[in-house]
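>>> Here is a sequence together with a model predicted from it:
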Amino acid sequence: MLKSQTISIPISRPYDEVYEFLAEPRNFPSWASNLGSSFEHLSGLEWVTQTRKGRVILRFAPRNEFGILDHAVYAEGTTPLTTPMRLIANEQGAEVLFTLLQRPGMSDEQFASELEWVRSDFEALRSLLEAGAVNEVVFHQEADDSSHS
Amino acid sequence: MLASEVIKVAIERPFADVYEFLAEPLNFATWAANPGSSMEPLDGGDWLVDLPRGRMAIRFAPRNNFGVLDYQVFPPGGESRSAVPVRLIPNGEGAELIMVWFQAPGTTDERFQSDVQWIASDLQRLKTLLEGG
């Protein structure tokens, strides 16, 4: 089995709001520097982006009631590696749970460095959402918001 | 927001096997309840089980494709409580169970840490049970 690390990031915003934001792939570049800044829609749940490691395809989990926000990242022709991610409710706020797996070929130093990237990305996400900047960035429309409130 | 702790255990068994085991409510008593306890079905899909804090009702998440195994514990006949988040994820040839335990209002830090230790030992029991089989 691979070594893994699960981190939890508390965000002082309502679960529904955070889920709506994270379930929209177009919002990722606003905080996930790890995943590049040029999201283009391929088809269905698949998107393509340019990262530090080159052009990669991202496949997002379908919307679901469990807060699952997994995404598989892979270069064309390679095996998709799924990153487990979940949003859970914590009273009036929410927590993101993210598990980083130390893939075969990844050194301990690379793993530690990757973890630091992830942590700083989530800090950016937390700042963005807690500052209330979501309304300017969010693409998913308020059409279904009434059902959540 | 409540303080929380992530508690996990790596299990050297295939994801599908571990998920099947955990998704079956009858198995809950073999690792997470008082020794000798059994699961007694209630109306509406809930169960009665003997836990260290007494005889409680428990409600499990419906089967799903995400490995989500959340459960709610509440007094029999009482209101359901917010769910304990539990998820199984694949890891290589094995699986990892990831739980989040919240520090409920009124719970001291000492009590919270002791609960976390208790749960960690339950997860170890689960690991031993499954890896031994």
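Looks like it came in fine.
>>> Give the buried residues for the longest helix belonging to chain B.
Taking DSSP state H as the criterion, chain B has its longest helix at helix B:109-132. If you call a residue buried by 16 or more other CB atoms under 10 Å in any protein chain shown, then helix B:109-132 has these buried ones: B:112, B:115, B:116, B:119, B:120, B:122, B:123, B:126, B:127, B:130. Backbone N, C-alpha and C define where each C-beta goes, glycine included.
>>> elements contacting that helix?
Packed against helix B:109-132, as judged by 3 or more CB pairs under 8 Å, 6 or more residues apart in numbering or on different chains; DSSP states H and E, are the following elements: strand B:4-11, helix B:15-23, strand B:94-102.
>>> Kindly compare burial across those and name the winner.
Of all these, strand B:94-102 has the most neighbours on average by mean count of other CB atoms under 10 Å in any protein chain shown, namely a mean of 21.
>>> got the buried residues of helix B:109-132 as TSV, with pLDDT columns?
As requested, these are exported to TSV (pLDDT from 0 to 100):
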residue	pLDDT
B:112	97
B:115	94
B:116	97
B:119	94
B:120	96
B:122	94
B:123	97
B:126	97
B:127	97
B:130	97
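>>> And these, which two are furthest apart?
Pairwise distances among the buried residues of helix B:109-132 were taken by CB to CB; the largest, 27.2 Å, belongs to B:112 and B:130.
>>> from the buried residues of helix B:109-132, which is closest to chain A?
Looking at the buried residues of helix B:109-132 and their distance to chain A, the nearest is residue B:127, at 11.8 Å (CB to the nearest CB).
>>> Contact residues of chain A facing chain B?
Counting by CB under 8 Å from any CB of the partner chain, the residues of chain A lying close to chain B are A:1-2, A:4, A:6-8, A:10, A:12, A:61, A:64, A:66, A:68, A:70, A:84, A:86, A:88-93, A:95, A:97, A:99, A:101.
>>> closest one to chain A among the helices and strands packed on helix B:109-132?
Comparison of the helices and strands packed on helix B:109-132 against chain A by CB to the nearest CB identifies strand B:94-102 as nearest, at 4.3 Å.
>>> Take that closest one, keep the C-alpha atoms, and write them as PDB.
Once side chains and other backbone atoms are set aside, the C-alpha atoms of strand B:94-102 remain, and they are given as PDB (Å, rounded to 0.1, in the frame of the first residue of the first chain):
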ATOM      1  CA  GLY B  94      -5.600  -2.400   0.000                       C
ATOM      2  CA  ALA B  95      -7.900   0.200   1.400                       C
ATOM      3  CA  GLU B  96      -7.900   3.000   4.000                       C
ATOM      4  CA  LEU B  97     -10.800   3.900   6.300                       C
ATOM      5  CA  ILE B  98     -10.900   7.600   7.100                       C
ATOM      6  CA  MET B  99     -13.100   8.900   9.900                       C
ATOM      7  CA  VAL B 100     -13.700  12.400  11.300                       C
ATOM      8  CA  TRP B 101     -14.600  12.700  15.000                       C
ATOM      9  CA  PHE B 102     -16.000  16.000  16.200                       C
END
